[in-house]
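Chemist: kindly generate the corresponding structure for this input.
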Amino acid sequence: MNGSDKVNILLVDDQQAKLLSHEVVLAEIGENLLKASSAREAFECLLKNEVALILIDVCMPDLDGFELATMIREHPRFQSTAIIFVSAVMMAHIDQLRGYKAGGVDYVPVPVVPELLRAKVKVFVELYRKTRQLEQFNADLERRVEERTAELRKFNEELELRIEERTRERELALAQLFEAQKMDTIGRLTGGVAHDFNNLLMAVLGSLTLLEKRLPEDPQTRRLLQNAIQGADRGKALTQRLLAFSRRQQLKPQAVDLGLLVRGMEELLRRAVGHAIAFNSEFPGDLPPVLVDANQLELALLNVALNARDAMADGGSVKITAQAETLRAPVPSNSPRTANGGAKPVGEAVDGSLAPGDYVRITIVDTGIGMDESTLAKATEPFFTTKGPGKGTGLGLSMVHGLAAQSGGLLRIRSEPNAGTIVELWLPRANCAPATLVRSTELPAQSRPVTTPCKVLIVDDDSLVMTGTAAMISDLGHTPVEAHSGAEALDLLGSGLKVDVVLTDHVMPSMTGLQLAGYIQEKFPGLPIILATGYAELPVDPVSLGIARLAKPCSQHEIGEAIHAAVFANDRVAFVGSRELSSSA
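Modeler: Residues are numbered from 1 along each chain as shown. Sure thing, here's the model as predicted:
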C-alpha cells in the first residue's frame, strides 16, 4: 500500500443523522467512508472490506458499542483493527475504562469537535498505512531473504560440486603425476640397467665369437657354444626392449609405406600367430606414409600380434588396418579423453598425449578373451604380464608404448572381457615419399670387409668390454691400442701416437665419448672417430658432427664394417648396426 491509496473507515451508529454528521466532518480527509446502522450491518461490512478504522456509537438498541467491539476483537481477522468510541451519554470514567477494556483505542465525546475528530482519525489512518507498509516491506524482505537464501543454497551446492570436481581432478592429477614420476624413474633405472647389460653382452658376444673360431670341431662343444651365443642374442633383444620402453633407444625415423611394410612381413606375422588364427590386413590405396623407424615398427606389430595369439588359445582372427586422421585440438595427457576429442569410454586405456596435426591410425583387432578394467589399466606397465612364469617378459606393450611416445604418436587400447582387444597406434604422417625398405632377408652375407690393417685407439672404462673389443679388432687384423679414459686417450694422442681411427664408448666418468670426440676434432682434425653407445639420448647427434655411430652391443662384423667405413670411406658418416649407411653430404 502506498500513501495515495484510500483506506476504508467504518462508521457505526443507529441514528442516520449522526452518521451523516460524521460523514460531513470526515469528508475532508479524503478516505472511503463506509456506514452501518446496526451490529449485523457492521459485521457484513467488515467481512466484505479491509477496514482501517471503526467509529462506534456506544448507545445502540440491539448491541451497545462495547458488546460490538468485544465481538469484533474476538474475530482473528480484526484483532488489531483500531476502534474509536463516540458517545454523548456514557462519558464517565468508568464508561471510558470499559471502552478501553473492550478494545477501543480512543473515546470521543459528543458533540464532536470536527477538528479534533479529524485529527484523531488521521493519526490512526496514518498508523494503519505505516503498519501496512511495514507489513509489505517485511513481506518483501522475507521474500528477498528467501530468494537470496535459495540463491545461496544453490551457489553452495554448485560450490560443493565444484570443490568435489576439483578435488577429484587434483587427486587424478596427483595420481597421474605419481604414475609419470614412477614410470620416469623406472625408465631411467631400466635405461641404466640396459646400458650396463649391453656392456656385459658386448664382452660375452665378443668372447663367444672369438672362441667359436678357436674351438676344435667337436659337435657337442659347438652346440653348447651356439646355445650360449643364442642366449646372448636373446639378451641383446631384451635390452632393445628395455631401451624401447625407457625411450632411450636410437631410432631412425623415415617415411614408411605402411601397406608395403606389413605385406613384406605378413608371412612372419602368419607364422607368429599360428595356423589356428586367421590373419589378414587391409589398407586404403591412398594411405599416406608414416614417419617412424621401420625396424622398430615391425617389432611393435610383431609384439601386438604375439599378444593377440596368446589371448586366443582356441583360435580366432587378427586384422590390421590403417587410416589417415587429422586432429584439430590437442589431447592433454592428464585428460581422460580419446584421441579424437570424445569422452573416454569404459574399457579403454590411453597412454601419452597427441598434439594437433596429421596422423595415421594403425588398428590391430583380435577376437581374444579381452581384458578387464584392472588388467587394461596396467597393460603398458613394464614387466606386467598375465602369462605364466617364463612365458612372457611383460615388455611387449611397454616397448610399443615407448616407440609411439618417442615417435611423437600415441598408443590406445580398448578391450572388454570376452569381447576382444583393439590396439591403436597413432603415428605422425611423413611429408615426403616413402623410403625403400631393406630387410634382413635381402641383406648380403656378412663377409669381412677387405681392409688394410690399421691402428685403432679403443677408449672404454669397462675392462671386460675393452678386452673383448680389443680381441675382436686384433682378430680382424688391426692393431688395438687401449685407453681406459678420455684423458688417457688424449695423453696418448698428445704424446705423438699415430692411429688411424678412434673407437670410443660414450658413457665414461669425467669425460664422455662426445666430449672426447670434440677435443680430438679440435686438436687432431681429420682423425676418424667412431662413437659406440646403446643410448639414444645424446646432447647432440654425432652424425651431424661427422662422427660415426656404432650401436652397442655390436658384433665383430659390425665393428669391422665401422672401421672400414671410417678409415677408407671417411667421406661418409656411418651408423652401423641399423642396416644402412647415410652420406654426410
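
Chemist: pLDDT at the residue lying farthest from the centre of the chain, what is it?
Modeler: What lies farthest from the middle of the chain is Val89; by Cα atoms, centre = their mean that is 94.9 Å. Val89 is assigned 84 on the pLDDT scale.

Chemist: grab the nearest non-local neighbour of it.
Modeler: Excluding the flanking residues, the one nearest Val89 by Cβ to Cβ, 6 or more residues apart in numbering is Cys59, at 5.7 Å. C-betas here are computed from N, CA, C, even on glycine.

Chemist: how about residues contacting stretch 475-491?
Modeler: Contacts to stretch 475-491, defined as Cβ atoms under 8 Å, 6 or more residues apart in numbering, come from residues 210, 213, 448, 451, 453-461, 463, 466, 469-470, 473-474, 492, 497, 499, 502, 504, 508-513, 515-516, 519-520, 523, 556, 559-560, 563.

Chemist: any of those buried? List them.
Modeler: Among those, those classed as buried by neighbour count (16 or more other Cβ atoms under 10 Å) are 210, 451, 454, 456-461, 466, 469-470, 473, 492, 499, 502, 504, 508, 511-513, 516, 520, 556, 559-560, 563.

Chemist: the residue farthest from the centre of the chain touches Val58, doesn't it?
Modeler: Yes: between Val89 and Val58 there is a contact at 7.4 Å, judged by Cβ atoms under 8 Å.

Chemist: strands of the stretch 51-200 of the chain, start to end?
Modeler: 51-57, 82-87, 106-109 (DSSP state E, counting those that start in this stretch).

Chemist: just the helices in the stretch 401-550 of the chain please.
Modeler: 463-475, 486-494, 513-523 (DSSP state H, counting those that start in this stretch).

Chemist: nearest to Arg223, of those helices?
Modeler: Between Arg223 and the helices of the stretch 401-550 of the chain, the shortest gap by Cβ to Cβ is with helix 463-475, which sits at 22.4 Å.

Chemist: in what helix or strand does Leu397 lie?
Modeler: Remark: Leu397 resides in helix 396-406, with elements defined by DSSP states H and E.

Chemist: by contact count, what packs against that helix?
Modeler: Where contact means 3 or more Cβ pairs under 8 Å, 6 or more residues apart in numbering; DSSP states H and E, helix 396-406 is packed against helix 219-245, helix 294-310, strand 348-351, strand 410-415, strand 421-428.

Chemist: make it 6 Å
Modeler: The contact analysis (3 or more Cβ pairs under 6 Å, 6 or more residues apart in numbering; DSSP states H and E) places helix 396-406 against helix 219-245, helix 294-310, strand 410-415.

Chemist: in that helix, what's buried?
Modeler: Gly396, Leu397, Ser398, Met399, Val400, His401, Gly402, Leu403, Ala404, Ala405, Gln406.

Chemist: off-centre distance for that helix?
Modeler: Centroid displacement of helix 396-406 relative to its chain, using Cα atoms, centre = their mean, to the nearest Å, is 19 Å.

Chemist: in this protein, which helix or strand is least confident?
Modeler: Taking mean pLDDT, DSSP states H and E as the measure, the chain has strand 582-583 as its least confident helix or strand, at a mean of 32.

Chemist: can I get stretch 301-317 in PDB, CA atoms only?
Modeler: Only the C-alpha atoms of stretch 301-317 are listed here, as PDB (Å, rounded to 0.1, in the frame of the first residue of the first chain):
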ATOM      1  CA  LEU A 301      53.500 -55.000 -34.800                       C
ATOM      2  CA  LEU A 302      55.000 -58.400 -34.100                       C
ATOM      3  CA  ASN A 303      54.700 -57.900 -30.300                       C
ATOM      4  CA  VAL A 304      51.000 -56.900 -30.600                       C
ATOM      5  CA  ALA A 305      50.400 -60.000 -32.900                       C
ATOM      6  CA  LEU A 306      52.000 -62.300 -30.300                       C
ATOM      7  CA  ASN A 307      49.900 -60.800 -27.500                       C
ATOM      8  CA  ALA A 308      46.800 -61.400 -29.700                       C
ATOM      9  CA  ARG A 309      47.900 -65.000 -30.300                       C
ATOM     10  CA  ASP A 310      48.300 -65.700 -26.500                       C
ATOM     11  CA  ALA A 311      44.700 -64.300 -26.000                       C
ATOM     12  CA  MET A 312      43.200 -66.800 -28.500                       C
ATOM     13  CA  ALA A 313      44.200 -70.300 -27.300                       C
ATOM     14  CA  ASP A 314      41.100 -71.800 -29.100                       C
ATOM     15  CA  GLY A 315      41.700 -69.800 -32.300                       C
ATOM     16  CA  GLY A 316      40.300 -66.600 -33.700                       C
ATOM     17  CA  SER A 317      41.300 -63.800 -36.000                       C
END
